[in-house]
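> below: sequence and its predicted model.
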Amino acid sequence: MTTESDRQAPDCGAAFDAAATGGDVLRLTIDFAGQALAMRIAGRSAQQAIVPALEHLRTETDSARAGLAIDVWDERETGVRFPAPALGGGDALRNGRIESGDRDDALLGYREHPGTAFRLASRHGWFAFFDADAIPWYERAAPMRDLLNAILMRRGAHIAHTAAVATDGGAALLVGEGGAGKSTTALECLRAGMDYLGDDWCGVESGAQPVVYSLFNSAKLRPDAVEHFREFQPVIHNRDRLEEEKATAYLHRWLPDRLRRSAPVRCILLPRVTQAADTTVEPATARECRDALLPVTLRSTPGCGAASIPLLVGIAHCAPVLRLNLGSDRSSIPGVVARAIRESQAP
């Protein structure tokens, strides 16, 4: 069904058509949080900035059956500007997102840095890079977070600054600020045979049966941790820039069979590095989880506003919370995490 929101965006559609005239358009459909999302990406620069992080979500679903279509292009490569939004009296700019006061609930986003813009109507979205080649490494590892989060929020879910790993019994969320040990814990669990859903950003839907969704297959490590993960090294794509960037790899190129798209959430772990040899867990509180989750998610996700807070609070309360005390014997970490998942399952 075509809505007023879709009809009000002919300029976005015309802009993408103009950007696509060069013929270099990639079409793919991804399984995004259980929903088929059909994408058209015009230009090599935009494709290289987006596809590696989303490759593990690619599906053979017919694009005609997708619930949502997204068109993407790069302004510099195609020479086509993203149409400037015509703001109405009910529009408000909040943290990089324009929330429409109209009944169609259209969303507009604009980020001067790193330079992106989007529009999301009811069944169609448009996203443009100002210069995709200038996008920072961490944006390439988790591209289009503002647009993808807007899609999640429409179904009562939210992007969360969390890693996630899973066994056959369910998933553990790993919540903490940068340096807490999320990435190293997730990679230790991955190479021990557990499934991987993300090391920094995941989608989470709380409720009676909370679910975590994989968004990006990227993994990032501080340069001083790379030596410990020797099998990780061949797939590092920014080896020549490790003095300025974290080592980043796209794990569909390493262990594609261990990438899980979704899993039920069984527990939330708050990692912290300790001086002990053994890794242990101890009870923690939902308030501690909120304190670790909300500030960094709100700060790092453009478009977050008042509507984000209850969704994020719901995530912090969606499962038992435990403190994960990371010891120096890293080989023990996966077993402790797997046990926490197992013991947190409902009887």
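That came through, no problem.

> show me what the longest helix along the chain is in contact with.
Using DSSP state H to define each element, the chain has its longest helix at helix 286-300. With contact meaning Cβ atoms under 8 Å, 6 or more residues apart in numbering, helix 286-300 is reached by 158-162, 175-178, 180, 268, 270, 304, 308-309, 312-313, 315-317, 321, 323. Just so you know, the C-beta spots here come from the backbone N, C-alpha and C atoms, and that holds for glycine as well.

> tell me which residues of it come out buried.
286, 288, 289, 290, 292, 293, 294, 296, 297, 300 (16 or more other Cβ atoms under 10 Å).

> could you do stretch 43-54 as well?
Using 16+ other Cβ under 10 Å as the test for burial, stretch 43-54 gives 43, 45, 46, 47, 49, 50, 51, 52, 53, 54.

> and those residues, which is closest to residue 246?
Nearest to residue 246 among the buried residues of stretch 43-54 is residue 53, at 14.2 Å by Cβ to Cβ.

> contact partners for that closest one?
With contact taken as Cβ under 8 Å, 6+ apart, residue 53 is in contact with 140, 141, 142, 143, 216, 217, 218, 250.

> and the gap between it and residue 30?
According to Cβ to Cβ, to the nearest Å, residue 53 and residue 30 sit 11 Å apart.

> same check, this time on residue 117
Per Cβ to Cβ, residue 117 is found 21 Å from residue 30.

> coming back round to it: mind putting the buried residues of stretch 43-54 in a markdown table, pLDDT, distance to residue 338 and secondary structure included?
Output for the buried residues of stretch 43-54, formatted as a markdown table (pLDDT from 0 to 100; distance: Cβ to Cβ, whole Å; DSSP: H, G, I helix; E, B strand; the rest coil):
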| residue | pLDDT | distance to residue 338 | secondary structure |
| --- | --- | --- | --- |
| 43 | 94 | 43 | coil |
| 45 | 96 | 41 | helix |
| 46 | 97 | 39 | helix |
| 47 | 97 | 37 | helix |
| 49 | 96 | 35 | helix |
| 50 | 97 | 33 | helix |
| 51 | 97 | 32 | helix |
| 52 | 95 | 29 | helix |
| 53 | 96 | 27 | helix |
| 54 | 97 | 28 | helix |
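
> from the residues you listed, pick the one nearest residue 78.
Nearest to residue 78 among the buried residues of stretch 43-54 is residue 43, at 5.3 Å by Cβ to Cβ.

> right, and the closest one touches residue 24 too?
Yes - at 6.0 Å, residue 43 counts as touching residue 24 under the criterion of Cβ atoms under 8 Å.

> so what strands line up beside whichever strand or helix holds residue 31?
Taking DSSP states H and E as the definition, residue 31 sits inside strand 25-32. Here strand 25-32 is paired, per DSSP bridges, with strand 35-42 (antiparallel), strand 58-59 (antiparallel).

> please name whichever of these is nearest to residue 275.
Using Cβ to Cβ, the strands paired with strand 25-32 put strand 58-59 closest to residue 275, at 43.2 Å.

> average pLDDT for that closest one?
Strand 58-59 carries an average pLDDT of 94.

> what does the helix or strand following it contact?
Per DSSP H and E, strand 58-59 leads on to strand 68-74 as the next helix or strand towards the C-terminus. Contact with strand 68-74 is made by 12-13, 15-16, 19-20, 32, 35-43, 45-46, 49-50, 63, 80, 123-129, 131-132, 144, 147, 151, as judged by Cβ under 8 Å, 6+ apart.

> one more: stretch 318-330?
Residues outside stretch 318-330 that contact it (Cβ under 8 Å, 6+ apart): 173-174, 181, 184-185, 188, 204, 206-207, 210, 228, 265-286, 288-289, 333, 336-337, 340, 344.

> give me the subset of the residues you listed lying in helices.
Per DSSP H, the contacts of stretch 318-330 map to helices at 184, 185, 188, 286, 288, 289, 333, 336, 337, 340, 344.

> now the angle from the helix or strand hosting residue 14 to strand 25-32?
Per DSSP H and E, residue 14 falls inside helix 10-19. With axes from the mean of the first three to the mean of the last three Cα atoms, to 10 degrees defining the directions, helix 10-19 sits at 130 degrees from strand 25-32.

> quick one: helix 10-19 to strand 68-74, angle?
Going by the same axes, to 10 degrees, helix 10-19 makes 60 degrees with strand 68-74.
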